[in-house]
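Quick one, what's the 3D model for this:
(chains A and B)
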Amino acid sequence: MRRVTFKGGIHPYDGKDLTQDKAIQDISPKSDLVYPLAQHIGAPATPVVAVGDQVLVGQKIAEASSFISANICCSVSGKVKAIEKRLCVNGAMVDSIVVENDGEYNTVEGFGEKRDYTTLSKEEIRAIVKEAGIVGLGGAGFPTNVKITPQNEDGIDYVIVNAAECEPYLTSDYRLILEKTDKLLGGLKIVLSLFPNAKGIIGIEDNKKEAIKVLQAAVENEENIELKVLKTKYPQGGERSLIYATTGRKLNSSLLPADLGCVVNNVATLVAVYEAVCESTPLIKKVITVTGDCVQNPGNFAVRLGTNYNDVIEAAGGFTVQPEKIVSGGPMMGMSLIKTDVPVSKTGSALLTFKKDVVAELETSNCINCGRCVNVCPSGLVPAMMNKAVKQNNMQQFEALNGMECTECGSCSYTCPAKIQLTQAFRVAKRSIIEERRKAK
Amino acid sequence: MSNLLHVSSSPHIRSQSSTTTLMSDVVIALIPATAWGVYKFGWHAFWLVMACVISSIATEYAYQKLMKRPVTIHDMSAMVTGILLALNLPQTFPIWMAVVGSVFAILVVKQVFGGIGQNFMNPALAARCFLLISFGAQMTDFAVDTVSGATPLALIKNGTGSVEAILAGDKLTVTDLFLGNIGGSMGEISTLMILIGAAYLLIRKVISWRTPVMYLATFTVFMGLFGGRGFDLTYLAAQLCGGGIMLGAFFMATDYATSPITKNGKLVYGVALGLVTGIFRIWSGSAEGVSYAIIFCNLLVPLIEKVTLPRFFGQGVTKNAK
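Numbers count the residues shown, from 1 in each chain, chains lettered A, B, ... in the order given. Prediction:
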């Protein structure tokens, strides 16, 4: 099969050996469950329960507060203990609903009931996805119901499954493909049913041999679904890289995938769509890869949302050595945690532990103009020049160099021999420019 | 858990390569050419290399200590400059003058402008030109075995008759030029050795093919058109192998700090180098021209970078433009 890809990118050590053969294990929360109201892109959700209320598994406890926002459903049964600010993965104190787990796991009425999606209308499917609080589970957390409700549904040509999982160490999507193939295909078919002209494409990196075999067998008799094998290269799973590799269309920062006739969802998101639509199960669990060189038993765990990360670490056998750094998500784009006493949210797909923080040990030196950042930038930018602009605080120059097209994939920082924190500089510059633009309005 | 973890902006992993590993690769790639020079010219050539390397590193160290800046001699770039300068010298060159050249390269061309990455001229080449101006006689003394001999390029430039005949008059063939059985600056003589080093750099992806390939191609075509001998293969081969262009194309024109960072810029820069080198070789007083061509084109780099900014991914794509 011809492998497709994009220009640029890097080949970091992938570390997937640690967990790729570990089947998904269910774990139960030990302590209180914490549901941050802001764990997606868009406005924070509004609580619909009060302190003292009894809640059930699958019950909506917070509601989308605007068009781009998402519901939050309770993952255990018990009592609402508090609604207060709690420390979150991103290091911020976020308004959260705290639920005391009664350990009964009583469910709301109708929870888990089977449904046939072909008997449902498009509006009903979208309503179910919205009700279930599903957001993009790859990391960005964009509300899925918004994604599958473009202005012109006839204009969608491709529904793309992001099965690239290009971040090193992550294996949760890989395990889902192997263990929940039917649900993944089911989720894809549900989304496809919303778009009369769309074709399904599954994009997967060629290092996932087993998963490719399984998917090949699964799509063999599917006329409208094609499997595309991608070159293993980071950031192959980035939205722009993936759309380009699978369709040849080029997305830039001013466009949404739907503008180019594409709807992209990752594996976990589609499984969640299937479970919501066909099994009446809202988004209450998340598969997380717990890995790195500090945990006793690295593996993939199905965790109830709101579970404290300490419980997750315990399930993985605890630490063998005290980590210096822990990252929620992949090593390229994930967020480092201040401490592990934070809840699992919809967007974290891994917990990565590092004995040594390699970044802290590195000394930054002068840019030698070697051009490696130019070679690896998937957005075709010149990071070295952008960095000079940022250093001089020349935001106009940063914009003139198309700095706003940066996707913060981290490839330039990764590859820089002078160990300059390029991505970080661009992240800060982009934020400040967006802030300025907002003020100017 | 009371102790806090490390927090930093992503990415949280880094590649193994560093400025030091890149510069070490350049040093490794220079070994064949250097070894050949020492083999051909003997111990004095060896001491010249040592003198340039040691004085380059010592100058960098002393300057940084004096200015209370972080000492960066471990990045190996001073060593690269030292070796390159030595390779650009005739084998009879006095040691003390080589030391003067090294101090000039590191102090005036590199450190005063802010150290590694900040210089706008290639330090070794700027120093070569400085030495040419200061010690012209010694810089052009390519005597082998006490018989003062002109370089093949000078012979061809000033000679009449076919290139083969001119070379034969000095008991040379093009093969000698390629292998390095000729007089000249000690690191420039053997095209073969330079190409071995260049292949290593290309395979290790330390340098890009863009500038050297465009440089050599443009130069060859230019010499064919305007060299006065048409596309005479022997003439063109002598032009490519007989002077400093091979070392210049693969080791000087690819110098990171003084060449464009953009991909198209590297191509344009290569073309500019080919043209300027051709002009110098044909119409200037000297038979050579690579050093001046490169430091001249170094000055064009900011301009080249400006006009060769790459198109970003998806540039010009608008809504519904599928």
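
And the residue of the stretch 301-441 of chain A at minimum distance from chain B, its phi and psi?
Taking C-beta to the nearest C-beta, chain B has its nearest neighbour within the stretch 301-441 of chain A at A:Gly410, 3.3 Å off. Bear in mind the C-beta positions are built from the backbone N, C-alpha and C, glycine included. When read as degrees, to the nearest 10, the backbone of A:Gly410 gives phi 90, psi 0.

how many neighbours does the residue nearest to it when sequence neighbours are not counted have?
Of all residues not flanking A:Gly410 in the chain, B:Pro11 sits nearest, at 3.3 Å (C-beta to C-beta, 6 or more residues apart in numbering or on different chains). Neighbours of B:Pro11 under the rule other C-beta atoms under 10 Å in any protein chain shown: 30.

Provide a list of residues in contact with B:Pro11.
A:Pro331, A:Met332, A:Met333, A:Val359, A:Gly410, A:Ser413, A:Tyr414, A:Thr423 (C-beta atoms under 8 Å, 6 or more residues apart in numbering or on different chains).

ok, now A:Val287?
With C-beta under 8 Å, 6+ apart, A:Val287 has these contacts: A:Ile24, A:Ser172, A:Asp173, A:Arg175, A:Leu176, A:Ala268, A:Asn300, A:Phe301, A:Ala302, A:Val303, A:Ser349.

Spatially nearest residue to the second one, not counting backbone neighbours?
Meaning A:Ser172. Among residues not flanking A:Ser172 along the chain, A:Val287 sits closest, at 4.2 Å (C-beta to C-beta, 6+ apart).

ditto for the fifth one
Ranked by C-beta to C-beta, 6+ apart and with sequence neighbours excluded, the top spatial neighbour of A:Leu176 is A:Val267, at 5.1 Å.

Centroid-nearest residue for the chain?
No chain specified, so I'll use chain A. A:Gly138 (1.7 Å; C-alpha atoms, centre = their mean).

try chain B instead
For chain B, the residue nearest the mean C-alpha position is B:Met252 (2.1 Å; C-alpha atoms, centre = their mean).

Wait, that one touches B:Ala127, no?
No. Counting by C-beta atoms under 8 Å, B:Met252 does not reach B:Ala127; the two are 11.7 Å apart.

The closest residue in space to B:Ile196 that isn't next to it in sequence: which element?
Nearest residue to B:Ile196, sequence neighbours excluded (C-beta to C-beta, 6+ apart): B:Pro32, at 4.6 Å. For B:Pro32, the host element (DSSP states H and E) is helix B:19-41.

Just the mean pLDDT for that helix, thanks.
The average pLDDT within helix B:19-41 is 95.

Buried residues in that helix, which are they?
For helix B:19-41, a neighbour-count test (16 or more other C-beta atoms under 10 Å in any protein chain shown) marks B:19, B:22-27, B:29-30, B:32-34, B:36-38, B:40-41 as buried.

State the distance from the residue nearest to A:Gly410 to A:Glu167.
Distance, B:Pro11 to A:Glu167, using C-beta to C-beta, to the nearest Å: 10 Å.

where do the contact lists of these two overlap?
Shared contacts of B:Pro11 and A:Glu167, counting by C-beta under 8 Å, 6+ apart, come down to A:Pro331, A:Met332, A:Met333.

who wins for neighbours among these?
A:Pro331 (30 neighbours).

Go ahead and confirm that residue touches A:Leu351.
No. Look at A:Pro331 against A:Leu351 with C-beta under 8 Å: they stay out of range, at 11.6 Å.

Low-confidence ranges, the stretch 201-322 of chain B, go.
B:320-322 (pLDDT under 70).

Tell me who's in contact with the residue in it positioned nearest to chain A.
In the stretch 201-322 of chain B, the residue that lies nearest chain A is B:Gly314 (3.3 Å; C-beta to the nearest C-beta). Residues near B:Gly314 by C-beta under 8 Å, 6+ apart: A:Arg240, A:Lys250, A:Leu251, A:Asn252, A:Leu255, A:Glu405.

which residues of the stretch 1-150 of chain A fall in strands?
A:25-26, A:33-36, A:46-47, A:54-55, A:60-63, A:72-73, A:78-87, A:93-101 (DSSP state E, counting those that start in this stretch).

Just say helix, strand or coil for A:Arg438.
The three-state label given to A:Arg438 by DSSP: H, G, I helix; E, B strand; the rest coil is helix.

A:Gly112: how many residues sit nearby?
A:Gly112 has 12 nearby residues by other C-beta under 10 Å.

I'd assumed A:Ser280 was in contact with it.
Yes. The pair A:Gly112 / A:Ser280 is scored as a contact, 5.8 Å apart, by C-beta under 8 Å.

separation between A:Tyr414 and B:Gln64?
Separation of A:Tyr414 from B:Gln64 (C-beta to C-beta): 29 Å.

make that A:Gly58, sorry
Distance from A:Gly58 to B:Gln64, counting by C-beta to C-beta: 65 Å.

neighbour count winner among these two?
A count of neighbours by other C-beta under 10 Å puts A:Gly58 above the other of A:Gly58 and B:Gln64, at 23 against 16.

Surely the more buried one touches A:Glu113?
No. Under the criterion of C-beta under 8 Å, A:Gly58 makes no contact with A:Glu113, lying 10.8 Å away.

Overlap of the contact sets of those two?
Common contacts of A:Gly58 and A:Glu113 (C-beta under 8 Å, 6+ apart): A:Ser280.

what about the residue nearest to A:Cys377 when sequence neighbours are not counted, neighbour count?
In space, and not counting its chain neighbours, A:Cys377 is closest to A:Gly8: 5.4 Å by C-beta to C-beta, 6+ apart. By other C-beta under 10 Å, the residues close to A:Gly8 number 23.
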